[in-house]
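Q: would you be able to build a 3D model of this:
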Amino acid sequence: MVPLTALWLPILLSAVIVFVASSIMHMLLPYHRSDYQQLPDEDKLLSALRPAALKPGLYVFPFCTHKDMKSPALVEKYKQGPVGFLTIVPSAPPAMPKFLIQWFVYCLVIGFFVAYLTGHAVTQGAHYLAVFRVAGTAAFLAYGLANLSNGIWKGQRWATTIKEVIDGLIYGLLTAGTFGWLWPR
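A: Numbering: from 1, shown residues only. As a prediction, this is how the structure comes out:
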């Protein structure tokens with residue numbers, strides 16, 4: 001077993017490396033530009049939503065409870081459409097510094113749990129590939145496979161979901177490489 005205190009450097013450095021890689025992947029590379037679409041007649045739709053004074057949260061439409069799902073009126077609403085989810089965030093310009101700080105903290109949390117799992121599964125002085133395999137699997141589970149639920153439950157386009165899983169694979173490999181490189185000898 002390798003104590004977490006011996007793994008603070010790979011935890012921190014893997015978070016920094018993933019943070020930088022994700023910034024490059026989302027800001028410089030073009031493949032994420034098609035992930036989001038503009039609403040048709042956006043100004044008209046936004047004007048119609050403003051009087052509702054929606055509070056931040058996740059909304060589903062048409063709304064129903066479990067017992068109402070089979071009612072003829074609701075089934076008809078589903079057939080007529082649209083059907084979807086609507087995420088409302090506070091009205092303000094995007095708070096990029098806040099989002100980036102939260103993303104970095106998330107990367108640190110993943111690094112912490114990768115260190116915890118790998119520290120229990122791999123001994124001190126283990127070969128690079130032994131560390132890489134365990135750390136990479138744990139990091140991919142967190143960064144990559146966690147995104148599949150958005151395609152399953154939230155209607156996210158599968159093309160976007162697959163891109164997020166591929167991003168997660170890259171982040172997992174970077175995390176694994178960092179842990180393998182800095183593993184206590």
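Q: going by C-alpha atoms from here, please, whenever you check contacts or count neighbours.
A: Will do.
Q: so which residue is dead centre in the protein?
A: Asn147 (5.7 Å; Cα atoms, centre = their mean).
Q: what residues are up against that one?
A: Asn147 makes contact with 161, 164-165, according to Cα atoms under 8 Å, 6 or more residues apart in numbering.
Q: by neighbours, which of those residues wins?
A: Scoring the contacts of Asn147 on neighbours with other Cα atoms under 10 Å, the highest-scoring entry is Thr161 at 22 neighbours.
Q: contacts only, for that residue.
A: Residues in contact with Thr161 (Cα under 8 Å, 6+ apart) are 147-148, 150-151.
Q: same thing but 6 Å
A: By Cα atoms under 6 Å, 6 or more residues apart in numbering, the contact list for Thr161 reads Gly151.
Q: same deal with Leu58?
A: Leu58 makes contacts with 86-87, as judged by Cα under 6 Å, 6+ apart.
Q: can you classify it as helix, strand or coil?
A: strand (DSSP: H, G, I helix; E, B strand; the rest coil).
Q: need the pLDDT of it.
A: Here, the pLDDT recorded for Leu58 equals 93.
Q: now it: how far from Ser14?
A: From Leu58 over to Ser14 the distance is 32 Å, taken as Cα to Cα, to the nearest Å.
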